[in-house]
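Engineer: let's see this in three dimensions:
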Amino acid sequence: MIKEIIPFESHHVDLMDLRKIDAASIGCVSEYEEILRNFQTSRYSFTGVKDGEIVAVGGMMPMWEGVGEGWAITSTLIHKEIFWFHRFVVRDIVGKMKERKIHRLQATVHQDNTISMKWLKRMNFIEEGCLHKYSPDGADYYMYARIR
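Structural biologist: Below you'll find the model as predicted:
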């Protein structure tokens with residue numbers, strides 16, 4: 001069993017068997033391919049692979065000085081591989097906020113993505129509120145932030 005983290009490339013998402021909530025979230029955004037290419041430019045974006053299959057992609061996009069936007073897209077394999085993926089995110093994304101001079105790391109989560117909401121809370125993110133009608137399809141999202 002080989003688990004590795006490799007640099008994110010936008011086409012990795014096309015190779016994934018996405019969870020329904022992830023497929024729906026990116027499916028309603030017509031510019032998602034452009035957004036993924038933008039994520040690819042960040043040195044803080046990664047792809048988690050197990051035995052040649054992509055488990056998840058994610059990372060952090062600097063927004064402006066001191067603030068980053070966390071993001072993740074997960075495959076159906078994430079449920080079996082959540083522990084090593086979680087450890088990597090805690091160590092290399094959340095854990096390096098100080099080193100990267102990030103005082104606020106934020107993430108938005110679809111109203112129906114309760115698993116991701118619980119995961120963010122486990123990493124000491126706080127729910128800041130509801131972003132009503134946030135997505136192109138009119139779904140509500142919740143803003144979470146971890147402050148250093």
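
Engineer: how about the helices in this protein?
Structural biologist: Along the chain, the stretches classed as helices by DSSP state H are 20-27, 32-40, 78-89, 114-122.

Engineer: the first one to helix 78-89, inter-axis angle?
Structural biologist: So the one you mean is helix 20-27. Using axes from the mean of the first three to the mean of the last three Cα atoms, to 10 degrees, the direction of helix 20-27 lies 70 degrees away from that of helix 78-89.

Engineer: give the buried residues for helix 20-27.
Structural biologist: Using 16 or more other Cβ atoms under 10 Å as the test for burial, helix 20-27 gives 21-22, 24-25. In this view, the C-beta of every residue, glycine as well, is placed from N, C-alpha and C.

Engineer: closest one to residue 93 out of these, please.
Structural biologist: Proximity of the buried residues of helix 20-27 to residue 93 (Cβ to Cβ) peaks at residue 22, which lies at 17.8 Å.

Engineer: how near is the closest one to residue 129?
Structural biologist: Residue 22 sits 23 Å away from residue 129, going by Cβ to Cβ, to the nearest Å.

Engineer: what do you get for residue 3?
Structural biologist: Distance from residue 3 to residue 129, by Cβ to Cβ: 36 Å.

Engineer: ok, residue 67 next?
Structural biologist: Counting by Cβ to Cβ, the gap from residue 67 to residue 129 is 17 Å.

Engineer: ok, these two, which is more surrounded?
Structural biologist: Shown here are residue 67 and residue 129; by other Cβ atoms under 10 Å, residue 67 has more neighbours (14 against 8).
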